[in-house]
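Participant: Need a 3D model of the following:
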Amino acid sequence: MYPKSVYVLILIACLATLLGGWLVVRFFRQRASVMRHISGVAAGYLVSATIISILPEALHYGGDHMAIWALAGFFFVHVIEHGITPHFHYGEESHDHEGTAMTGIMALLGLSLHSFLDGMSITAAMGAESALGLLGFFGVLLHRVPEGATISSIFLVRGFGAKGAMLAAGALAGAALLGALCQDVLSIPIGPVLAIAAGLGLYVACADLLPQAQKERGWKSTTSLCAGALIFLAANFLLPREHQHEPHTTEKECCADLDGSGNDGPANHHSHSH
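Facilitator: Sure thing, here's the model as predicted:
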């Protein structure tokens, strides 16, 4: 079982989703620039967190083949956003695309699957013997605001009104909470979950968030991107590290140790418990 504090973090992430929806409904319908800067910061943080922390932890817990899971996660998110959801992109509130109410519902379905994976990834990261839980949480937190804004803006454009837009943001928040609960109850191995989260993070950062930040002219997008990376590096430096990465121990190596062919006994075999 995972620490119950994970649900506090998930609830905060849910509130961030609702905050993004509320900001679009109340303030940012015609002020896309602010949300673009937030997207740039989130992109910088997510890319940094994925490359420096999340993917290495996935390899640590699951072995080299976790890279395949990360690749699968990358393509899975693409299918969610552009296969299930036709003509989807962030920043919808600033464009008048043709579409029906059904396209809004399909967008909600796609982003709900995405939110479900976010909830699972936070819970899995909290099970890692390192500061990854908080680092991953901050990454999810940063992109939940643009994501809540996205679904709300799509619903506004599709004619659902302010109330419908906020309900859609609430549905995404609920999906993240459900994902966290499922990971807690099912205890899916940490390695694959973190690997899929790594693929998800790279896709969201590079295909969803960064293109929005790049709509700002000059050095603005670069500044926000670098700010996000610096925030991660500062957090990574300040938060304590509870373990140093060791080479992944295979089953054969473990058996060799038990047979006495290695210098380390069973007591030194690395194990994980929740």
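
Participant: before we move on, which element is the nearest residue to residue 18 once chain neighbours are set aside in?
Facilitator: Distances taken as CB to CB, 6 or more residues apart in numbering put residue 169 closest to residue 18, at 5.3 Å, once the chain neighbours are dropped. All C-beta spots, glycine's among them, are computed from the backbone N, C-alpha and C. Under the criterion DSSP states H and E, the helix or strand holding residue 169 is helix 161-186.

Participant: Contact partners for the closest residue in space to residue 78 that isn't next to it in sequence?
Facilitator: Nearest residue to residue 78 in three dimensions, chain neighbours excluded: residue 203, at 6.3 Å (CB to CB, 6+ apart). Residue 203 is in contact with 73-74, 77-78, counting by CB atoms under 8 Å, 6 or more residues apart in numbering.

Participant: Save the residues you listed as a markdown table, and put in distance to residue 190, neighbour count and secondary structure too.
Facilitator: Shown next, in a markdown table, are these (distance: CB to CB, whole Å; neighbours: other CB atoms under 10 Å; DSSP: H, G, I helix; E, B strand; the rest coil):
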| residue | distance to residue 190 | neighbour count | secondary structure |
| --- | --- | --- | --- |
| 73 | 14 | 25 | helix |
| 74 | 19 | 19 | helix |
| 77 | 20 | 23 | helix |
| 78 | 24 | 13 | helix |
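
Participant: So residue 189 is in contact with residue 63, correct?
Facilitator: No: using CB atoms under 8 Å, residue 189 makes no contact with residue 63, being 10.8 Å away.

Participant: Look up the pLDDT of residue 1 for me, please.
Facilitator: Reading off the confidence values, residue 1 has pLDDT 57.

Participant: Residue 133 versus residue 60, what's the distance?
Facilitator: Distance check for residue 60 against residue 133: by CB to CB, to the nearest Å, it reads 14 Å.

Participant: What part of this protein, helix or strand, is modelled with the least confidence?
Facilitator: helix 251-258 (a mean of 42; mean pLDDT, DSSP states H and E).

Participant: and which of the contacts of residue 203 is nearest to residue 148?
Facilitator: Nearest to residue 148 among those: residue 77, at 17.1 Å, using CB to CB.
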